[in-house]
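> Got a predicted model here, sequence first, then my questions.
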Amino acid sequence: MGSREGTVVRVSGPLVEIEGVEALSMLELIAVGPSRISAETVAIAGSRATLQAYEYTGGLKAGDIAAPTGGELSGMMGPGLLGQVFDGLLRPLSSASMWLTPERSGSAEDPTVLAREWKFKPAAAAGTRVSAGDVLGTVPESGSVEHHVMVPAGVSGELSWIAPESTVHVLDTVAVVDGHKVAVSEQSPVRRPRPFRSRHTGTVPLHTGQRVLDLLFPVARGAAAAVPGGFGTGKTMMLQQIAKWSDADVIVYVGCGERGNEMADVLDGLSQLEDGRTGGKLIDRTVIIANTSNMPMMAREASIFTGITVAEYYRDMGYDVVVIADSTSRWAEALREFANRNGDLPAEEGYPANLASELASFYERAGRVTTLGGKTASVTVIGAVSPAGGDMTEPVTTDTQRFVRSLWMLDRDLAYSRHYPAVSWTGSFARDAEAIGSWHAGNGQPGWAERRARAAALLAEADRLAELAEIIGTSSLPGHERMVLLGGRLLRDGVLMQNALSPNDAFCSAEKGAALLNLVLDVVDACQKLVERGVAATTVEQADLGPVLRAREETGPADAAAVTARSAEILKALEALQ
């Protein structure tokens with residue numbers, strides 16, 4: 001390796017130029033300077049190469065040594081990921097000192113990590129034939145989901161030796177397959193997708209526990225969704241709610257360039273919240289990757305690929321995983337700054353010309369697949385977008401919309417009126433809604449698609465009439481149109497609004513969500529019939545419909561029966577109106 005060493009010739013922030021390294025490869029990891037700063041090769045021109053450094057380059061100077069490592073940027077995948085906090089290069093922060101320094105090489109092979117002991121339980125017998133993805137053993141107590149030690153990709157043959165039930169460390173060999181040693185952990189390159197057998201074409205919904213999403217703009221397991229919204233519209237809170245309540249097996253939360261206090265809130269919330277599945281803490285099935293705004297910029301660029309590689313690792317074990325990236329705009333800003341320092345020709349708003357392909361390389365790694373071991377599992381990607389000034393026409397937002405199946409656009413006016421989640425029913429979409437409707441029809445909810453269509457039509461008509469009422473006054477509208485306005489308000493405030501701080505309303509089961517929507521639609525139908533019978537619209541509007549609005553908070557998170565009973569009482573009271 002010594003003969004391949006080169007020297008630094010230029011340093012500009014995270015951009016480092018070196019020369020004199022022979023046979024250098026693209027994406028090869030280079031250790032730069034006396035602190036062995038991690039840097040990745042992004043361009044090669046003759047004997048000179050351009051690197052992007054993943055750590056603070058202060059003190060690095062021309063003439064310092066640049067030593068190739070011969071490998072790509074990789075993360076160590078193994079037990080101990082769940083319930084912990086890592087930086088953008090998957091280096092542990094939970095066991096790090098308060099102040100991080102450049103001298104902290106921060107390798108995933110941290111002494112604390114290497115010294116930790118695990119119980120290995122074999123799940124296969126010596127002498128059997130195994131192939132890639134087969135489970136060789138399990139490691140209990142590595143989180144609230146069972147951790148599997150699997151045959152690596154590209155390896156198959158006779159299992160000549162497997163360790164007995166024993167105490168092991170993460171680098172210990174626990175099996176030998178056709179002469180290949182299999183350790184408890186493995187190194188996985190973060191920029192290359194982990195292999196699988198095939199993609200599934202069927203659609204299965206991911207239940208988020210947020211009614212406006214599950215009822216109007218659902219996302220399928222293995223699909224991608226984006227949450228664009230300006231400052232103060234509630235992106236982070238909404239993503240935290242999805243992390244807490246979605247029915248995924250594992251959550252990977254990537255704090256990409258966001259404020260440190262927000263990551264602290266996420267960590268605190270997940271640490272305190274009880275997991276309904278296991279009775280433990282929710283963080284026990286969560287991996288947090290924190291690369292906040294005060295951390296090295298280019299590690300921010302790597303963090304989302306690190307996060308999705310961790311997600312693919314758990315997917316390969318057979319789990320459904322949700323990756324939450326908050327936010328991809330800060331990631332794109334890191335791309336823009338590095339491209340500007342490199343002298344690349346800027347495209348729209350200064351972003352690099354390959355912004356769309358970089359976004360695609362992230363979102364396309366979502367998918368519901370058959371793993372190498374034959375299991376059905378998924379990675380669902382949800383990315384926040386923080387457009388400057390709330391401009392939804394800027395490049396990151398518009399390019400992201402090309403690659404996602406669901407868009408949950410947050411509306412500033414809704415947020416300022418304290419309507420949360422502030423998901424706009426006019427600017428959002430769900431491309432898989434029809435397929436998800438078919439899934440519901442085959443799984444005991446044949447009316448799901450019709451309810452969704454009725455709700456969308458009611459909201460659209462109510463918005464149109466609200467604009468008209470501002471001009472001519474509500475009292476000038478015909479009775480049936482006033483009932484549409486009334487129904488729109490009931491739907492917005494009684495169903496789509498959700499209180500993240502309420503123990504009854506923070507999470508909503510699919511059955512309760514359907515019952516609440518049925519309640520509002522039935523009340524609207526009853527009001528329309530009253531007007532058709534000659535009851536004055538004013539009389540209907542003055543009726544006590546407070547129980548409709550309070551049903552979401554006065555009934556339990558999964559108490560659909562109580563909502564249905566309340567619906568019967570309200571309809572009976574309306575019938576008595578004269």
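Okay, I see it.
> tell me which residues of the helix of greatest length in the chain are tucked away?
When the chain is scanned for its longest helix (criterion: DSSP state H), the result is helix 448-472. Neighbour-count burial for helix 448-472 flags 448-449, 451-452, 454-456, 458-459, 462, 465, 469 (criterion: 16 or more other Cβ atoms under 10 Å). Where you see a C-beta, it was placed from the backbone N, CA and C, and this is true even at glycine.
> Please name the bridge partners of residue 10.
On the basis of DSSP bridges, residue 10 is bridged to residue 17.
> Surely it and residue 62 touch.
Yes: taking Cβ atoms under 8 Å as the definition, residue 10 is a contact partner of residue 62 at 6.8 Å.
> returning to that earlier point: what pLDDT, on average, does the helix or strand just after the longest helix of the chain get?
The element immediately downstream of helix 448-472 (helix or strand, assigned by DSSP states H and E) is helix 479-491. Averaging pLDDT along helix 479-491 yields 97.
> tell me the angle helix 479-491 makes with helix 448-472.
For helix 479-491 against helix 448-472, the angle by axes from the mean of the first three to the mean of the last three Cα atoms, to 10 degrees is 120 degrees.
> Format the CA atom coordinates belonging to helix 479-491 as CSV.
Listed next in CSV are the C-alpha coordinates belonging to helix 479-491 (Å, rounded to 0.1, in the frame of the first residue of the first chain):
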residue,chain,number,x,y,z
GLY,A,479,-79.5,24.6,1.2
HIS,A,480,-77.9,21.6,-0.4
GLU,A,481,-74.7,23.6,-1.0
ARG,A,482,-74.7,24.8,2.5
MET,A,483,-74.8,21.2,3.6
VAL,A,484,-71.7,20.6,1.5
LEU,A,485,-69.9,23.4,3.3
LEU,A,486,-71.0,21.9,6.6
GLY,A,487,-69.8,18.4,5.5
GLY,A,488,-66.4,19.8,4.5
ARG,A,489,-65.9,21.4,7.9
LEU,A,490,-66.9,18.1,9.7
LEU,A,491,-64.6,16.1,7.5
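> Give me the sheet partners of the strand or helix carrying residue 75 and which way each runs.
Taking DSSP H and E as the criterion, residue 75 maps to strand 74-77. Under the criterion DSSP bridges, strand 74-77 sits next to strand 186-189 (antiparallel) in its sheet.
> can you list contacts of the partner strand?
Here strand 186-189 makes contact (Cβ atoms under 8 Å, 6 or more residues apart in numbering) with 71-78, 152, 194, 309, 312-313.
> Which element is encountered next along the chain beyond it?
strand 198-199.
> What's the mean pLDDT across that following strand?
96.
> returning to that earlier point: show the buried residues in the contacts of strand 186-189.
72-78, 152, 194, 309, 312-313.
> what separates residue 194 from residue 352, distance-wise?
26 Å (Cβ to Cβ, to the nearest Å).
> before we move on, what about residue 391?
Counting by Cβ to Cβ - residue 391 and residue 352 are separated by 19 Å.
> These two: which has the busier surroundings?
Between residue 391 and residue 352, counted using other Cβ atoms under 10 Å, residue 352 has the larger neighbour count: 20 against 11.
> Residue 400 versus the more buried one, what's the distance?
The gap separating residue 352 from residue 400 is 15 Å, by Cβ to Cβ.
> do the same with residue 275
Distance from residue 275 to residue 400, by Cβ to Cβ: 31 Å.
> Between those two, point out the one with more neighbours.
Each of residue 275 and residue 400 has its neighbours counted (other Cβ under 10 Å); residue 400 has more, 28 against 16.
> pLDDT at that one, what is it?
96.
> what do you get for the one 4 residues further on?
Model confidence at residue 404, given as pLDDT, is 97.
> repeat for residue 396
96.
> pretty sure it contacts residue 358?
No: with contact defined as Cβ under 8 Å, residue 396 does not count as touching residue 358 (10.3 Å).
> Name the next helix or strand following the strand holding residue 75 along the chain.
Next element after strand 74-77 (DSSP H and E): strand 85-86.
> next one: that next one to chain centre, how far?
Relative to its parent chain, strand 85-86 has a centroid offset of 16 Å by Cα atoms, centre = their mean, to the nearest Å.
> Also stretch 416-434?
For stretch 416-434, the distance to the chain centre is 17 Å (Cα atoms, centre = their mean).
> For that stretch, list every residue counted as buried.
Within stretch 416-434, the residues scored as buried using 16+ other Cβ under 10 Å are 419-425, 428-430, 432-433.
> Using PDB, write down the CA coordinates of the helix or strand hosting residue 572.
Using DSSP H and E, residue 572 maps to helix 560-575. Extracted in PDB, the C-alpha atoms of helix 560-575 (Å, rounded to 0.1, in the frame of the first residue of the first chain):
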ATOM      1  CA  ALA A 560     -64.300   1.700  16.000                       C
ATOM      2  CA  ALA A 561     -67.400   0.200  17.800                       C
ATOM      3  CA  ALA A 562     -67.700   3.400  20.000                       C
ATOM      4  CA  VAL A 563     -67.600   5.600  16.900                       C
ATOM      5  CA  THR A 564     -70.300   3.500  15.200                       C
ATOM      6  CA  ALA A 565     -72.500   3.700  18.300                       C
ATOM      7  CA  ARG A 566     -72.100   7.400  18.400                       C
ATOM      8  CA  SER A 567     -73.000   7.600  14.800                       C
ATOM      9  CA  ALA A 568     -76.400   5.900  15.500                       C
ATOM     10  CA  GLU A 569     -77.100   8.400  18.300                       C
ATOM     11  CA  ILE A 570     -76.300  11.500  16.200                       C
ATOM     12  CA  LEU A 571     -78.300  10.200  13.200                       C
ATOM     13  CA  LYS A 572     -81.300   9.600  15.600                       C
ATOM     14  CA  ALA A 573     -81.000  13.200  16.900                       C
ATOM     15  CA  LEU A 574     -80.900  14.600  13.400                       C
ATOM     16  CA  GLU A 575     -83.900  12.700  12.400                       C
END
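> Could you tell me which residues within it count as buried?
Buried residues in helix 560-575, counted by 16+ other Cβ under 10 Å: 560, 563-564, 566-567, 570, 574.
> who touches it?
By Cβ under 8 Å, 6+ apart, helix 560-575 touches 509, 511-512, 514-516, 518-519, 522-523, 526-527, 530, 540, 543-545, 547-548, 551, 555-556.
> ok, the closest residue to residue 461 other than its chain neighbours - how many residues close by?
Leaving aside its chain neighbours, residue 461 sits nearest to residue 484 (5.2 Å; criterion: Cβ to Cβ, 6 or more residues apart in numbering). Neighbourhood size, residue 484 [other Cβ under 10 Å]: 22.
> who's in contact with stretch 365-372?
With Cβ under 8 Å, 6+ apart, stretch 365-372 has contacts from 131-133, 150, 153, 193, 195-200, 202, 204, 220-224, 308, 312, 315-318, 323, 376-381.
> Just the ones of those in strands?
150, 198-199, 220, 224, 323, 376-381 (DSSP state E).
> Check the contact between residue 254 and residue 305; I expect there is one.
No: with contact defined as Cβ under 8 Å, residue 254 does not count as touching residue 305 (9.6 Å).
> quick one: which of these two has more around it?
Between residue 254 and residue 305, residue 254 has the larger neighbour count (other Cβ under 10 Å), namely 31 against 22.
> Now that one. Nearest residue, chain neighbours left out?
residue 307 (3.9 Å).
> Give me the distance between that neighbour and residue 471.
Distance, residue 307 to residue 471, by Cβ to Cβ: 49 Å.
> burial count for the closest residue to residue 134 other than its chain neighbours?
Distances taken as Cβ to Cβ, 6+ apart put residue 151 closest to residue 134, at 4.8 Å, once the chain neighbours are dropped. Residue neighbour count, defined by other Cβ under 10 Å, stands at 24 for residue 151.
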